[in-house]
Structures are given as structure tokens and as C-alpha cells.
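*Asks:* Any chance you could fold what I've pasted below:
(one chain, ligands or ions: 1)
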Amino acid sequence: MEQLTTDILVIGAGLAGLLSALEAERSGLRVLLVGKFAIGLGTNTSLANGAFTVSNSLFSKEDHLRATLESGKGLNHVRLVKTLIGEGPEAIGRLRNYGAPILEKGMGYITDRPKSSSQLPGILLIKPLVERLKNSSIKLLPGLVVFDLVVEEGQVRGAFGFLKDGKPCLIQSGAVLLSTGGAGAIYHRNDNQKSILGDGYALCLRAGLSLFDLEFVQFYPFALGEPGLSTFLLYPPHSKEARLFDENGEDLLEKFNIRGDLNRAIVVQRDNLSIALYKATQRGDVFFDLRQVPEEKWEHYPLNFLKRSKFPFRERPFLISPAAHFFMGGVEIDEKAATSLPGLFAAGEVVWGIHGANRLGGNALTECAVFGLISGQSAAEYVRQREQEQGPSNLFSENLVKKWDRKVRAYLRKRRGTFDQPRDLLKDLRDLAWKYGSPVREEESLKEGLERLASIEKRIEKVYPATVRDLFKKRDLENVALLLKAILKGSLLRTESRGSFFRMDFPDQDDRNWLKNTHYRLEKGELQITHRHIKN
Ligand SMILES: Cc1cc2nc3c(=O)[nH]c(=O)nc-3n(C[C@H](O)[C@H](O)[C@H](O)COP(=O)(O)OP(=O)(O)OC[C@H]3O[C@@H](n4cnc5c(N)ncnc54)[C@H](O)[C@@H]3O)c2cc1C
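*Replies:* Residues are numbered from 1 along each chain as shown. Sure thing, here's the model as predicted:
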């Protein structure tokens, strides 16, 4: 087994991970950054529209606070929100210093993209950061898939995973920074990267940490729904010629009472639109029609992006559907980005708290920037302090290495498998998520979803990987099934509707009984769910 040693290990190379690594490196400590793919790629950050909601000359901190809490519907962790808002402008300054092309606009900042460029803003945002990394002392290890956090005597000591070539790898580290993103790709319809399957949530649960509010999933109303094409997110053009209609020809923009700017409606009525569109797609096909959009608009983003596609977007109406977009739930941190496990820090979408029951558009990238920087500083302080108190010490005892050797053998043990292909099982899980954990939930179907999930779990248990690739796939299946169980069970218990969470059988927000966060924990392998009154 390969063994590596570092002071700070950063897991995840999206915006949160890149910034936390760069910040931690300023301390002079050794930093190792790992991601499933090439650094910066395969991340949701690379797909982002590049909008940051942050106070600016026209949008005050008070405005930002009000808008964030309004979206969160009483479930936000207010101290974290205040940190986000207080530190936002400085984080934007730091991104600019790193060379990110950021301009003030509207309720914050946007990533500047030359009008004719068809590159995604997220790519333009992270490119300069990746360049910085390459010219820094930070060690990069792309292609490493983390399977477990290594926890010993109540502290995190590093992580275990597999390298690109399938070799097991044990990393010892004074502190670990988790920035593994969300889990949108567990849904059949999603606009995330395919590999964003909630690994970070599963890592936390298995390491004994609590997660919160996993039942709150944000759906984006407009994603491509054409079979055989990836369900990428569609930014409607600023054009009144764009039409939305169902298979009976009914004008849905009129039906949903959207008369002005569709993009604005997506920001301010995201939940209602997603729910209405989900219901419409359950009744039949829903189409977007851009045929009447004037020629010159096809030269600019977002239509120039569609124009490059082989699909005839200009020639015929195409199917659309809502899609899973963002996870509000996750692991709890304090204002220093520390989790409840000493030595483990977290930033970005994997974290819970800021967004409450629904995220205000543009707050995710701000969260990555602010808490990416804070987590890098905090991890460095933690390692320095530990060194002062205990001197440089070997974090891994001989016994611990032996224990992990045994665990690796268990992971790689070959047994006779079943006929189920991991790929088919993942498809079944994603379909199940879409059917039962959709924007519209209700008791009967949630119960049915849990029963069907239990039978898929039994099939997953019987998948015995013959190769390391299969092992990765089996881990994905286990992670997705665990998260899905949490979402369905948590949804069943929350008998109200709030923010992004909608129960058909409990359509109203119930502040008397439900100003509570849902608390998820694994105890002896069983998922335990309780509720906690809002604490701020
Ligand atoms: C299409 C789209 C557009 C968006 N636009 C905006 C926007 O304009 N404004 C906004 O505020 N928000 C936006 N969002 C949301 C925002 O982009 C994401 O929440 C944010 O980028 C997440 O960043 P992150 O650093 O937490 O994770 P990510 O960028 O998703 O990166 C996760 C990293 O973790 C790694 N990883 C995961 N599991 C493992 C493992 N087991 N082992 C090793 N590495 C692992 C991955 O390889 C990856 O490197 C958008 C999201 C999408 C999908």
C-alpha cells in the first residue's frame, strides 16, 4: 500500500478546495490537494454560471442578510450567514488578486466572459486558480478517490483511498479539509457533473459525524430533457420570443403568470417553478421553443453555447424538465469552518447551515470562497498549535497501518458476484431518487420508495467487485443508497412544506412544529434521524 504524509490534506478540487489549499499554503505547511479527476475538472464549479451574491455599492450587507434569510425560511444557521456576508467582499478581493475575472453586477459580482466566448463562466473562474496552484508548493494528486476518513482517538489523522492505477493509498495528515461538493448526480435528472454523488456526506456519516437537513434539495426549473442528451442546465435567453408550452400547446409562462424576465423568475421563484414544471412533466411533455429568437441573440451566451451543439435547438422545440441542482444539507461547521471532529474542516456545498430551507442564487460560490479561505487558515492554525503542544509526531501507529492493511484486503477480497451490473444498479437508484425524492413528495410514495430502496440495497450487497474499477462503482452505489435513504426517511418525517421542500400531503409551512433542523447520524450502521430546535 502506498503511504503519503502531509500537514494538510484537501479533499476536493472545486472552488472551495482550490481556495482552501492556496490559503493553507501561505502558512508554509505542506499541503496535498486531491480530487477524483484533473484538478479543477469534474467539479460543479467548472459548470457554474459564475454569479456571486455579495454586498456591493448597490446591494448592502443588510439586503444580503435579509434576502438569504428570506430564502432560508427560518432554518439558516444565522452565525454562519453573518460570516458569509461579513467576509464576502474580502473573498471577492482575494479571488481578483488570484487573477479571477470578476465584475460588480446586480446583487454582487459575476465572472466576466467576453461576449462571444462560449466557455462556461466556471471554467474562466477556476483557470487562474489552477495556474496559481501549479506554480505553488502544493502537491497535486488528481485521480485519487477517497474511500474513508482515518479517525483515531477521536481525531482525524488522514484519509484512505485508491489511486488512478488502483493502488490503495493511505495518507497521514495533521488536518483534513473536506470540500467534496454536493450530490445532485444521485438524481436521474440533474445538471451536476456525473461524479458528484455525495461522497463527502457518506465519508462524514461513516466517520461518526452528524449531517443536517439532507431532505432539502434545490431543483433548477430548466434543464434539457431530451432523451440521450445530458440534462445540462439551460439559461433562458433574455428574449420575449422564448416560449414554454406543454404537449397540448398550453402556454406555460402565461399559466405560471411569468410575464417579465424568465431568468429573474428562475432566481426569485425557483421552487414554485420547479414544482409546477415537475407536475407538468408528470402529466406529459413540456417544450421550450427558441425558434423565434432573433438571429443576433444566437451569437451571445447562453445561446452561442447551444449553437455549438449537434442538437437542432434553433430548428425545433425541445423537451425540458426540472433537474436536481444543489444540496442545502450537509456537515455542520462553526465560523472557523471546523467540524465536530477535531482536525476536520469543511467548506463548500458539502457543508450545511447557510442556506436553510433554500439557497439564494449566487450564495453557493460566495460560500465556497469565504469558507474555502477560512478553512485553509483554520487548518493551518490547528496543525501549528498541535505541533507546539505535542511536537512533530507520527500520526499513524504501527497498529493503525496494520488495521488499514486488513481493511484494504477486505475491500479487495474477490468473491463470486451476482448478475447485477453496478451501472444498472446506479441507474435504478437514480430513477428511484427522481421518482420518490422529487420536487413533489408525499407519504405513500416515500414509503414505497423506501421499500424499493431496501430491495436495491440487498442487490448492492451482493455485488462483489472483480476489479478496482468495480470497487469504485460499488462504493458509489453504497454512498448513493445511504444518502437516498436519508433523504426519503427525512422527508417522511418532515410533515410540512418549506423552501425547496414540498409535501403534497402537507402543503403549508408549519412554524409551530417544524422550526427544526433534521439531524442524521449512523449508529452501528443504522441511520438515526432526530430533530433539533434551531440554535443560533
Ligand atoms: C450548472 C450549475 C451552475 C451553477 N451556477 C452557480 C452560480 O452561478 N452561482 C452560485 O453561487 N452557485 C452556482 N452553482 C452551485 C455551485 O457551482 C456549487 O455549489 C459549487 O461550485 C460547489 O463547489 P465545491 O467546491 O463545494 O464542490 P465542486 O466544485 O463540486 O468540487 C467537488 C470536488 O470534490 C472532489 N471529490 C468528490 N468526492 C471525492 C472523493 N471521494 N475523493 C476525492 N475527491 C472527491 C471532486 O472530484 C471535485 O474535485 C451552480 C451549480 C451548477 C451545477
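*Asks:* Grab the most central residue of this protein for me.
*Replies:* The structure's the chain has its C-alpha centroid closest to residue 182; by C-alpha atoms, centre = their mean the separation is 1.9 Å.
*Asks:* Which pLDDT value belongs to that one?
*Replies:* If you check residue 182, the pLDDT there is 98.
*Asks:* ok, now residue 461?
*Replies:* Model confidence at residue 461, given as pLDDT, is 89.
*Asks:* Ok, the one 10 residues further on next?
*Replies:* Residue 471 carries a pLDDT value of 88.
*Asks:* what do you get for residue 392?
*Replies:* 69.
*Asks:* all strands for the stretch 401-536 of the chain, in order.
*Replies:* Along the stretch 401-536 of the chain, counting by DSSP state E, counting those that start in this stretch, strands occupy 516-523, 526-533.
*Asks:* Looking at those, spot the one closest to the ligand.
*Replies:* For the strands of the stretch 401-536 of the chain, the distance to the ligand is smallest for strand 516-523, at 17.1 Å, taking C-beta to the nearest ligand atom. Quick note: C-beta positions are derived from backbone N, CA and C, even for glycine.
*Asks:* Let's verify residue 393: helix, strand, or coil?
*Replies:* coil (DSSP: H, G, I helix; E, B strand; the rest coil).
*Asks:* out of the strands of the stretch 401-536 of the chain, deepest packed?
*Replies:* strand 516-523 (a mean of 19; mean count of other C-beta atoms under 10 Å).
*Asks:* pull the CA atoms of it into CSV?
*Replies:* In CSV, the C-alpha atoms belonging to strand 516-523 read as follows (Å, rounded to 0.1, in the frame of the first residue of the first chain):
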residue,chain,number,x,y,z
LYS,A,516,-36.3,22.4,13.4
ASN,A,517,-33.3,21.0,11.7
THR,A,518,-33.2,17.4,10.8
HIS,A,519,-30.2,15.5,12.3
TYR,A,520,-28.8,12.4,10.6
ARG,A,521,-26.4,10.0,12.2
LEU,A,522,-25.1,6.5,11.6
GLU,A,523,-25.2,4.3,14.7
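*Asks:* residues in contact with that strand?
*Replies:* The contact list for strand 516-523 (C-beta atoms under 8 Å, 6 or more residues apart in numbering) reads 75, 205-206, 208, 210-215, 329, 486, 490, 493-494, 527-534.
*Asks:* how far off strand 526-533 does it point, in degrees?
*Replies:* If you take axes from the mean of the first three to the mean of the last three C-alpha atoms, to 10 degrees, strand 516-523 sits at 150 degrees to strand 526-533.
*Asks:* Pull up the pairing partners for strand 516-523, direction included.
*Replies:* Using DSSP bridges, the strands paired with strand 516-523 are strand 211-212 (antiparallel), strand 526-533 (antiparallel).
*Asks:* Quick check: mean pLDDT of the first one?
*Replies:* Strand 211-212 shows a mean pLDDT of 98.
*Asks:* which other helices and strands contact the helix or strand just after it?
*Replies:* Counting by DSSP states H and E, the next helix or strand C-terminal to strand 211-212 is strand 217-224. The contact analysis (3 or more C-beta pairs under 8 Å, 6 or more residues apart in numbering; DSSP states H and E) places strand 217-224 against helix 262-268, helix 270-283, strand 318-327.
*Asks:* about what we covered before: could you dump the strands paired with strand 516-523 into TSV and include distance to the ligand?
*Replies:* TSV is the format used below for these (distance: least, C-beta to the nearest ligand atom, whole Å):
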stretch	distance to the ligand
strand 211-212	15
strand 526-533	20
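*Asks:* if we can go back for a sec, can you tell me which of the helices and strands packed on strand 217-224 is packed in deepest?
*Replies:* With a mean of 25, the top stretch among those by mean neighbour count (mean count of other C-beta under 10 Å) is strand 318-327.
*Asks:* and that one, what other elements does it pack with?
*Replies:* Helices and strands touching strand 318-327, by 3+ C-beta pairs under 8 Å, 6+ apart, are strand 217-224, helix 270-283, strand 286-289.
*Asks:* To residue 344, which of those lies closest?
*Replies:* Among these, strand 217-224 comes nearest to residue 344, with 24.1 Å by C-beta to C-beta.
*Asks:* what's the following helix or strand after the closest one?
*Replies:* Toward the C-terminal end, the helix or strand that comes next after strand 217-224 (DSSP H and E) is strand 243-246.
*Asks:* and that following strand, average pLDDT?
*Replies:* 90.
*Asks:* how many other residues sit next to the closest residue to residue 477 other than its chain neighbours?
*Replies:* Of all residues not flanking residue 477 in the chain, residue 460 sits nearest, at 4.7 Å (C-beta to C-beta, 6 or more residues apart in numbering). Residues near residue 460, counting by other C-beta atoms under 10 Å, number 20.
*Asks:* Please tell me how far residue 460 sits from residue 485.
*Replies:* 12 Å (C-beta to C-beta, to the nearest Å).
*Asks:* Next: residue 344.
*Replies:* Remark: distance between residue 344 and residue 485 (C-beta to C-beta) = 23 Å.
*Asks:* Between these two, which has more neighbouring residues?
*Replies:* Set residue 344 next to residue 485 and count neighbours by other C-beta under 10 Å: residue 344 wins out with 27 against 19.
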